[in-house]
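[1] Sharing a sequence plus its predicted fold:
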Amino acid sequence: MQMQRRTFLKTTAAAVTATAFTGLGPAFALDNVVKEAGECKIQWSKQTTSICAFCSVGCGLVVHANKSTGRVVNVEGNSDHPINRGSLCAKGASSIQMTVNADRPTKCMYRAPYSDSFEVKDWEWCKKRIAKLIKKSRDESFEKKNADGNVVNRTMGIASLGSAALDNEECYAMHSFMRSLGLVYVEHQARI
């Protein structure tokens, strides 16, 4: 018997389809998968939603932290998030390393002007230095009035670039702070 190409393709497609779905049955329904995944959650941890910090897509994360120590023990995709629906790229899947990583810097490295070496500084020193430099730049570049005499109360010497890792509330707080300093150039990573 000689089989025609079209008949062969139809038979092959039917066989592959039958093989693929044989045995799966109603147990493979999405509701059951979601239910089982919910039962596998870490019971002794506190779950918090967050946003992935790696790019400007803004994928949702569920962060599990130990209730007694507060230490992050697991990070996974948020299945309720409208952007990623639980899936994560390789960087997002490894985002736990941002908090649980022995190689992560715990101290600030500061290199003084015209120096050829770095000094180890603590966070308090760094925060005070950053605040001092912001004030200095703002004071040096602050304009009360423009060339036409209109009141503008702005600084053109500082710009702000937001992060995709911030949620709406953090973006609002940061934006309000930047505007209170008189910044004109306020941008967000997602638009770049």
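    Yes, it's here.

[2] okay, CA-based contacts and neighbour counts for the rest of this
    Will do.

[3] Which element, helix or strand, includes Lys132?
    helix 123-141 (DSSP states H and E).

[4] The longest strand anywhere in the chain: partners in the sheet, and parallel or antiparallel?
    Criterion DSSP state E: the longest strand present in the chain is strand 151-161. Here strand 151-161 is paired, per DSSP bridges, with strand 142-145 (antiparallel), strand 183-187 (parallel).

[5] re earlier: what's the helix holding Lys132 in contact with?
    107-108, 155-158, 181 (Cα atoms under 8 Å, 6 or more residues apart in numbering).

[6] how about that helix: buried residues?
    For helix 123-141, burial by neighbour count (16 or more other Cα atoms under 10 Å) applies to Arg138.

[7] that older thread, can you check what angle separates the longest strand of the chain from helix 123-141?
    140 degrees (axes from the mean of the first three to the mean of the last three Cα atoms, to 10 degrees).

[8] Could you pull up the mean pLDDT of strand 151-161?
    Mean pLDDT, computed over strand 151-161, is 88.

[9] Check which element follows that strand along the chain.
    helix 168-181.

[10] what angle separates that following helix from helix 123-141?
    Here helix 168-181 runs at an angle of 50 degrees relative to helix 123-141 (the same axes, to 10 degrees).

[11] which element follows the helix or strand of the chain with the lowest mean pLDDT toward the C-terminus?
    Scoring the helices and strands of the chain by mean pLDDT, DSSP states H and E places helix 30-39 at the bottom, with a mean of 50. Scanning forward in sequence from helix 30-39 by DSSP H and E, the next helix or strand is strand 45-51.

[12] any idea how far whichever helix or strand comes after that following strand is from the chain center?
    The helix or strand immediately downstream of strand 45-51 is strand 60-66, counting by DSSP H and E. Chain-centre distance of strand 60-66: 12 Å, with Cα atoms, centre = their mean, to the nearest Å.

[13] Average pLDDT for strand 60-66, rounded please.
    86.

[14] correct me, but Ser117 touches Met109?
    No - between Ser117 and Met109 there is no contact under Cα atoms under 8 Å: 9.6 Å.

[15] out of those two, which sits in the more crowded spot?
    Neighbours per residue (other Cα atoms under 10 Å) separate Ser117 from Met109, with Met109 holding more: 15 against 9.

[16] would that one count as being in a strand?
    Yes - the assignment for Met109 by DSSP: H, G, I helix; E, B strand; the rest coil puts it in a strand.

[17] So what pairs up with it in the strands?
    Using DSSP bridges, the beta-bridge partners of Met109 come out as Val120.

[18] for this protein, which spans come out with low pLDDT?
    1, 20-43, 164-167, 190-192 (pLDDT under 70).

[19] how far is the helix or strand that contains Ala14 from where the chain is centred?
    In the assignment (DSSP H and E), Ala14 maps to helix 5-21. Computed by Cα atoms, centre = their mean, the chain-centroid distance of helix 5-21 equals 44 Å.

[20] And for stretch 157-176?
    Between the centre of stretch 157-176 and the centre of its chain there are 13 Å (Cα atoms, centre = their mean).
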